[in-house]
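>>> Predicted model and sequence follow; I will ask about them next.
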Amino acid sequence: MNKQKIFSRADKEIYRAEDSLVKVFGENYSKANILNEALNHARVEETGLNVPKLRAVQVVDGKWAIVLDYIEGKTLQSLMDEHPEKEDEYLNLFVDLQLSVFAKKVPMLNKLKDKLQARISATNPVLEATTRYDLHTRLDSMPKHTHLCHGDFNPTNIIITKDGTPYIIDWAHATQGNSSADVAQSYLLFYLAGKEKLAEKYLKLFCKKSDTAIQYVQRWIPIAAAARLSKAKAEEAELLHRWIDVFDYE
């Protein structure tokens with residue numbers, strides 16, 4: 001079978017093999033995490049959302065791999081870059097797709113709050129104990145919901161086919177929890193990509209469409225920033241620290 005490499009980094013390589021996408025993990029990648037990613041995807045697939053179909057979990061050249069349908073098309077990010085005049089149209093689609101995700105319930109997924117608590121703890125010693133305590137306390141006080149949350153919802157994880165059908169990909173970080181936490185994460189991802197104005201426009205649009213107070217989502221931003229800080233690239237750390245520093249201690 002002919003394979004074409006389309007993505008590569010130290011712990012992961014992604015290939016196209018005819019009508020399949022093969023995600024091959026590094027030898028040191030946790031087997032439990034790989035199997036959990038496949039299970040997450042299978043559970044999300046059962047909601048009826050447009051996601052690539054999971055085909056197999058197998059070993060390729062001695063390495064674990066997940067095989068999915070290959071979705072032919074362009075990412076929403078590519079379309080936004082190619083057609084800046086359609087920014088509002090694409091942003092509306094982005095928010096509508098995110099709302100369609102939040103409308104689903106997947107009771108067997110891990111809880112988002114548990115994941116965030118663990119990520120905040122992992123910022124030791126980058127964040128001092130007092131800051132971590134206040135972040136843990138704020139997170140614990142936030143309302144508990146059970147919406148499906150993507151965990152990395154951004155325009156690069158949406159593929160639009162030639163007939164205009166959108167597919168949401170990369171469910172490795174899927175959890176169940178408070179949708180506003182996932183919105184705060186998407187907001188930060190726009191900022192980290194250098195798209196500050198788009199981040200603000202996105203937040204206002206989401207809050208309008210969902211009838212959510214902007215201030216409520218903003219309360220999640222320091223938590224989302226701290227969670228990302230635990231695994232952030234060096235160039236992201238300064239901006240994330242700034243978001244944590246604006247924490248309004250109560």
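Received, thanks. Numbering: from 1, shown residues only.
>>> Check which helix or strand D182 maps to.
Secondary structure assignment for D182, by DSSP states H and E: helix 179-192.
>>> which residues are contacting that helix?
The contact list for helix 179-192 (C-beta atoms under 8 Å, 6 or more residues apart in numbering) reads 98, 102, 112, 116, 142, 145, 147, 149-154, 196, 198-199, 202-203, 206, 210, 212, 216-218, 220-221, 223-225, 227-228, 236, 239-240, 243. Where you see a C-beta, it was placed from the backbone N, CA and C, and this is true even at glycine.
>>> same thing but at 7 Å, please
102, 112, 116, 145, 147, 149-151, 153-154, 198-199, 202-203, 206, 212, 216-217, 220-221, 223-225, 228, 236, 239, 243 (C-beta atoms under 7 Å, 6 or more residues apart in numbering).
>>> N40 contacts Q176, correct?
No. Using C-beta atoms under 7 Å as the test, N40 is too far from Q176 to be in contact (10.6 Å).
>>> joint contacts of the two?
L109.
>>> Can you tell me which residue is spatially central in this structure?
D152 (0.9 Å; C-alpha atoms, centre = their mean).
>>> got a list of what it touches?
If you count contacts by C-beta under 7 Å, 6+ apart, then D152 has 170, 173 around it.
>>> got the buried residues for stretch 125-139?
126-127, 131-132, 134-136, 138-139 (16 or more other C-beta atoms under 10 Å).
>>> actually stretch 136-152, not the one I wrote
Those would be 136, 138-139, 142, 145-152, for stretch 136-152 by 16+ other C-beta under 10 Å.
>>> Can you flag which of the buried residues of stretch 125-139 belong to strands?
Using DSSP state E, no member of the buried residues of stretch 125-139 falls in strands.
>>> quick one, strands of the protein?
Under DSSP E, the chain gives strands at 4-9, 12-17, 20-25, 54-60, 63-69, 74-75, 147-149, 158-160, 166-168, 175-177.
>>> Quick one: closest of the ones you listed to L93.
strand 166-168 (6.8 Å; C-beta to C-beta).
>>> Need the residues that contact that closest one.
Counting by C-beta under 7 Å, 6+ apart, 49-52, 71, 93, 97, 101, 150, 157-160 sit against strand 166-168.
>>> Go ahead and measure how far the helix holding D182 is from the middle of the chain.
9 Å (C-alpha atoms, centre = their mean, to the nearest Å).
>>> Alpha carbons of it, as PDB, please.
Written as PDB, here are the backbone C-alpha positions of helix 179-192 (Å, rounded to 0.1, in the frame of the first residue of the first chain):
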ATOM      1  CA  SER A 179     -18.800  24.100  27.300                       C
ATOM      2  CA  SER A 180     -17.600  27.500  28.300                       C
ATOM      3  CA  ALA A 181     -14.200  26.000  29.300                       C
ATOM      4  CA  ASP A 182     -13.900  24.700  25.800                       C
ATOM      5  CA  VAL A 183     -14.800  28.100  24.400                       C
ATOM      6  CA  ALA A 184     -12.100  29.700  26.600                       C
ATOM      7  CA  GLN A 185      -9.600  27.200  25.100                       C
ATOM      8  CA  SER A 186     -10.700  28.100  21.500                       C
ATOM      9  CA  TYR A 187     -10.400  31.800  22.400                       C
ATOM     10  CA  LEU A 188      -6.800  31.300  23.600                       C
ATOM     11  CA  LEU A 189      -5.900  29.200  20.500                       C
ATOM     12  CA  PHE A 190      -6.900  32.200  18.300                       C
ATOM     13  CA  TYR A 191      -4.700  34.500  20.400                       C
ATOM     14  CA  LEU A 192      -1.800  32.100  20.400                       C
END
